[in-house]
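Participant: All I have is the shape, not the residue letters:
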């Protein structure tokens, strides 16, 4: 496949380490935004529907689904995930190797079991 002028320009820009890092971070923001939107759509919810479930505004959901937005808090992502019957997983990768670092056990092992005691 022949490279377009854009492809050639992007290759040239990616040789600049500062540009390459910004480009990578923009891709990460896209990933979060697209995942939230895809989960919401899979659940058959509009932005307004999801906002009602989270007791927030449709504008806030739009912001979370924007690839330009980088203010996602872990607490907010967890609330969104709960509302969409999903879970949040964060993996830190080595900058040199790109290998994921898994230091925690599966989430199930951290959940406390509730026990009920009968009072007589």
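Facilitator: Arrived safely. What you see is a predicted model, and the numbers here were worked out from it, not measured in a lab.
Participant: Can you give the distance from the longest helix anywhere in the chain to the centre of its chain?
Facilitator: When the chain is parsed with DSSP state H, its longest helix is helix 17-42. Relative to its chain's centre, helix 17-42 lies at 8 Å (Cα atoms, centre = their mean, to the nearest Å).
Participant: Can you spell out which helices and strands pack onto it?
Facilitator: Helices and strands touching helix 17-42, as assessed by 3 or more Cβ pairs under 8 Å, 6 or more residues apart in numbering; DSSP states H and E, comprise helix 5-14, helix 58-64, helix 74-83. The C-beta positions use only the backbone N, C-alpha and C, and glycine is treated the same way.
Participant: And the first one, what does it pack against?
Facilitator: It refers to helix 5-14. Identification of packing neighbours for helix 5-14 by 3+ Cβ pairs under 8 Å, 6+ apart yields helix 17-42.
Participant: The helix it packs on to helix 74-83, inter-axis angle?
Facilitator: Relative orientation of helix 17-42 and helix 74-83, computed by axes from the mean of the first three to the mean of the last three Cα atoms, to 10 degrees: 30 degrees.
Participant: Following the chain past helix 17-42, name the next helix or strand.
Facilitator: Following helix 17-42 in sequence order, the next helix or strand is helix 47-54 (DSSP states H and E).
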